[in-house]
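Asker: Sequence unavailable; structure follows:
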C-alpha cells in the first residue's frame, strides 16, 4: 500500500467523534467533490452577481441619470478572487479538520501557512502530498517538535550522544531572551517549547488565555509554574526556564527516542574502533536526502570547470544533484563542465550510481592514494562514533591549494568532539529521517590554504 493510498484510507475513516473535527464528517473524497462542484459554478455565480448589481443600479436611477452609488462599498467582483477564496477555504477546512495544528512542529506550521496562502490545486493527491506524512507518522512530528525547540534553546540538545535516559550532561535551566511583550520572539519560543512538551505527554496545547495568564503571573510575581517546572522573568526581559526532575526526564526520554542510535558500520563497536583502514563487513548507509544534497552542493559555490571528488558516494545521491547543477551551468554558458568522480566500496551501490551515468571507482576510499588534484570535495561519511574523522582527514589530502571541502557530519562532531574543520552549520532537525536516522546533523566547510 503506497503512502497516498494509506493516507486516503485514514482520511476516509476520521470522524467527528474520534477527533472533535467537524471538518472531517465528510470523507476527503467528498470534500474534494464539493470543491469541484463549487469551482465549476463560480463563473455562473459571478455572472449572476453582476446581473444583480446592474439591476440594483438601474433601480436606483431615472432614465440612466446617476444620482449616487447605491452601494456603501465597492461592489466589483472578480472571478479570480472568488476562485482563490474557495481554494484557500478548502485547504483551511482540511487543515483544521485533520488537526494538523496539533501535529505539525512550530516551524512546519509557519511553512504550511505560507504554502496555504498560495495553495496548490485542491486534489486528493495534493492533500496527501501536503498533509499525508503528518497523519501517517504523528509521533515522529510530535518528537521532532520537541527536538526543534530544545535544539534551538541550548546546543547541548544537539548531541545525540548526550541525550540518554537520565539528566546528566543536560542543562536544568535555559535562558530565553525577550520573553516580555506581546508576540515577542522569546515569548513565542517559550510557548512553542512548553506546547511541545505537553504534546509529548499527550496533553493539549496551552490555549492563548492559559499561556498569557501564566506569563502575566510570571511578570507580576517574578515566576510562575508550567507543565515541567517553572519560569522566572527578570527586568532585563530574559526568562529562565527551570525544569523539574520529571520535566527533564520526559525531555530526555523523548529526545533519546527521537534520535535513536547511530548504527555502527561494523558488526560490533569494538571492531568499528580498530585503528585501521579496513572496511567493515556490514557497511552503514544513510543516503543523502535531496534537500540536504541541494544545501551542501549550494555551499560549493560552483562556477563551472571544477574537478570534484565524492568519497563514499553510495548510490549517487550527491552526484545526482551535481549533475543537475552541471546542466544549469551549461545552460547559463559558464566556463566548462563540472567533472565528478565518486569512490564507493560497495559494488551494488557503485553499480547503481554508474547506471545513472556517474563515474565511480569501486574501492575503499581510505586506501586510495591521496591526489591533491581536485578543486572541491563533497561527502557524506559514516556517522558512527568518530569513524567519520578518518574519512574527513583523508579527504582533505585530495584538495588543491585554495580548494573547498563540504562534509556532512553528525552534530557530535562539532558539539562533542569539536573536530569538524572550518565553518560549521546545522542542518534542520530530522534532515536524515527519510534515510533511517534522526540524529542531529550539520556540515562543515573547509578551505585549503593557497600557500
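Answerer: Structure's in. What do you need? Worth saying up front: this structure is predicted, and the values here are computed from it rather than measured.

Asker: what residues are up against residue 439?
Answerer: 160, 259-260, 262, 383, 410-411, 432 (Cβ atoms under 8 Å, 6 or more residues apart in numbering). (C-beta placed from N, C-alpha, C; glycine too.)

Asker: ditto for residue 117
Answerer: residue 88.

Asker: Return the helix or strand in this structure with minimum mean pLDDT.
Answerer: The weakest-scoring helix or strand in the chain, judged by mean pLDDT, DSSP states H and E, is helix 16-19 (a mean of 38).

Asker: hmm, back to that, and which of the contacts of residue 439 is nearest residue 33?
Answerer: Residue 33 has its nearest neighbour among the contacts of residue 439 in residue 432, at 38.7 Å by Cβ to Cβ.

Asker: per-residue pLDDT, residue 333?
Answerer: At residue 333, the model reports a pLDDT of 58.

Asker: Got the phi and psi for the nearest residue to residue 83 once chain neighbours are set aside?
Answerer: Take residue 83 and drop its neighbours on the chain: the residue closest to it by Cβ to Cβ, 6 or more residues apart in numbering is residue 42, 5.8 Å away. Main-chain dihedrals, residue 42, degrees, to the nearest 10: phi -60, psi -40.

Asker: Hmm, residue 81 and residue 42 touching each other?
Answerer: No. Counting by Cβ atoms under 8 Å, residue 42 stays clear of residue 81, with 10.1 Å between them.

Asker: Who has more neighbours out of the two?
Answerer: Counted by other Cβ atoms under 10 Å, residue 42 and residue 81 do not tie: residue 42 has more neighbours, with 15 against 11.

Asker: residues touching the more buried one, list them.
Answerer: By Cβ under 8 Å, 6+ apart, the contact set of residue 42 is 79, 82-83, 86.

Asker: what does residue 398 give?
Answerer: 309, 370-374, 377.

Asker: For PyMOL, write a command that selects the buried ones of these.
Answerer: The PyMOL selection below is limited to those of the contacts of residue 398 classed as buried (16 or more other Cβ atoms under 10 Å):
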select buried, resi 309+374+377
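
Asker: Just the ones in strands from the contacts of residue 398, please.
Answerer: Counting by DSSP state E, those place 309, 374, 377 in strands.

Asker: now the residue nearest to the second one when sequence neighbours are not counted: how far from residue 232?
Answerer: Translated: residue 374. Leaving aside its chain neighbours, residue 374 sits nearest to residue 309 (4.5 Å; criterion: Cβ to Cβ, 6+ apart). To residue 232, residue 309 is 52 Å away according to Cβ to Cβ, to the nearest Å.

Asker: mind listing the strands in this protein by residue range?
Answerer: Applying DSSP E to the chain gives strands spanning 173-176, 223-226, 229-233, 239-243, 307-311, 339-344, 359-362, 374-379, 399-410, 423-426, 441-447.
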